[in-house]
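1. Structure for this input, please:
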Amino acid sequence: MMKMMGVLALMLTATLAQAQSGKIAVVDTGAVFQNMPQRQAVARKLESEFGARVKEVQKMEADGRSFIEKQQKDMAFMNDQQKAEAQKKLNEMQSAYVQKRRKLEEDQARRESEERKKMLARIQTAIDEITRAQGLDLVIERGAVVYVSPALDITKQVIGKVSK
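-> Residues are numbered from 1 along each chain as shown. Below is the predicted model:
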């Protein structure tokens, strides 16, 4: 048992010694993502891609509100059959609206995810290039450390590289 503990302690000491001799850097990928100029271009692209569908859903919502307001005003003058027809039409409008809105939200989320993955891949490529160029052994996400010397932070370098 003592021999195993000694071997384990020796291995841990060797690992720590190796880590101390390696070059370490820190990057804040969230800050890089927020400062990417491509982010605004992607937002505009997605807005133009989904703009017509968003307007269509908004129009359906406004039409539904108008229909409800009109039915509330006319309710006193309607017979039971007219009330049932109005309720049926309202249910159909609501169902179509919910279905269209859900599909739009799903499509938007899927496209945003695709574009986010592209930008994150670009960030990762920039980090890899900087890591190779500077001979770094370890790059840690900024959120995983309590304190880091500003000299070890490569966030600005990554922002510069992804901005090209």
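
2. make it CA atoms for all contacts and neighbour counts henceforth
-> OK.

3. Going by residue numbers, what spans are strands in this structure?
-> 24-27, 138-141 (DSSP state E).

4. average model confidence for stretch 124-142?
-> Model confidence over stretch 124-142, given as mean pLDDT, is 92.

5. ok, back up a step: Serialize the strands of the chain to TSV and add fields for mean neighbour count.
-> Converted to TSV, the strands of the chain look like this (neighbours: other CA atoms under 10 Å):
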stretch	mean neighbour count
strand 24-27	20
strand 138-141	14
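
6. For Val42, find the nearest of these.
-> Distance to Val42, taken as CA to CA, is lowest for strand 24-27 among the strands of the chain, at 22.9 Å.

7. Point out the other helices and strands that the closest one packs with.
-> Packing contacts for strand 24-27, counted by 3 or more CA pairs under 8 Å, 6 or more residues apart in numbering; DSSP states H and E, involve strand 138-141, helix 155-162.

8. that older thread, with distance to Leu104 as extra columns, can I get the strands of the chain in TSV?
-> Converted to TSV, those look like this (distance: least, CA to CA, whole Å):
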stretch	distance to Leu104
strand 24-27	35
strand 138-141	34
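
9. Minimum distance to Pro150: which of these has it?
-> Nearest of the strands of the chain (CA to CA): strand 24-27, 9.0 Å.

10. Any idea which of the helices and strands packed on strand 24-27 gets closest to Ala109?
-> helix 155-162 (23.6 Å).

11. Relative to Lys88, which of the helices and strands packed on strand 24-27 is closest?
-> Among these, if distance is taken as CA to CA, the winner is helix 155-162, at 54.3 Å.

12. Which positions within the closest one qualify as buried?
-> Neighbour counts using 16 or more other CA atoms under 10 Å place Thr155, Val158, Ile159, Lys161, Val162 of helix 155-162 among the buried residues.
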